[in-house]
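> model this:
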Amino acid sequence: QVQLVESGGGLVQAGGSLRLSCAASGRTFSSYAMGWFRQAQGKEREFVAAISGSGGGTNYADSVKGRFTISRDNAKKTVYLQMNSLKPEDTAVYSCAARGLRVGVFKSPYEYDYWGQGTQVTVSS
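Below you'll find the model as predicted:
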């Protein structure tokens with residue numbers, strides 16, 4: 001079992017930055033591929049970024065490529081999402097997810113086994 005707790009959300013002006021964190025429980029964090037997803041009000045959940053267990057592989061949605069960076073610190077059992085040049089359309093609840101595979105990056109929410117509760121990100125224009 002893995003428990004995930006996100007933090008770092010908030011209100012920011014367009015063009016600003018935020019860094020989200022997702023802290024995990026458990027002893028084998030490096031065995032889990034991780035992902036970030038977001039869901040805006042009235043819309044379906046969408047993929048944002050993913051990272052492999054070792055951190056050597058990453059993948060991004062086209063809408064965030066060049067602005068967002070996913071990273072992880074396996075010693076701290078934490079995955080991060082650095083978000084720069086934020087836009088109002090980035091406003092959503094951001095959730096992290098874990099899949100019990102060390103190798104690979106995964107873009108579908110159905111491929112993940114564990115989810116955090118989410119953190120709200122609001123970008124004002």
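> If we go by neighbour counts, what in stretch 26-37 is buried?
Along stretch 26-37, these residues count as buried under the neighbour rule (16 or more other CB atoms under 10 Å): 29, 31-37. C-betas here are computed from N, CA, C, even on glycine.
> er, stretch 88-103 actually
Residues of stretch 88-103 classed as buried: 90-99 (neighbour count, 16+ other CB under 10 Å).
> Go through the residues you listed and name the one nearest Val5.
Distance ranking of the buried residues of stretch 88-103 against Val5, using CB to CB, places Cys96 first at 8.8 Å.
> now the strands: where do they sit in this protein?
4-7, 10-13, 18-24, 33-39, 46-51, 58-60, 68-73, 78-83, 92-99, 114-115, 119-124 (DSSP state E).
> Export those strands to JSON lines and append columns for distance to Lys107.
Supplementary listing: those in JSON lines, determined by distance: least, CB to CB, whole Å:
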{"stretch": "strand 4-7", "distance to Lys107": "18"}
{"stretch": "strand 10-13", "distance to Lys107": "26"}
{"stretch": "strand 18-24", "distance to Lys107": "17"}
{"stretch": "strand 33-39", "distance to Lys107": "8"}
{"stretch": "strand 46-51", "distance to Lys107": "5"}
{"stretch": "strand 58-60", "distance to Lys107": "6"}
{"stretch": "strand 68-73", "distance to Lys107": "12"}
{"stretch": "strand 78-83", "distance to Lys107": "15"}
{"stretch": "strand 92-99", "distance to Lys107": "11"}
{"stretch": "strand 114-115", "distance to Lys107": "15"}
{"stretch": "strand 119-124", "distance to Lys107": "20"}
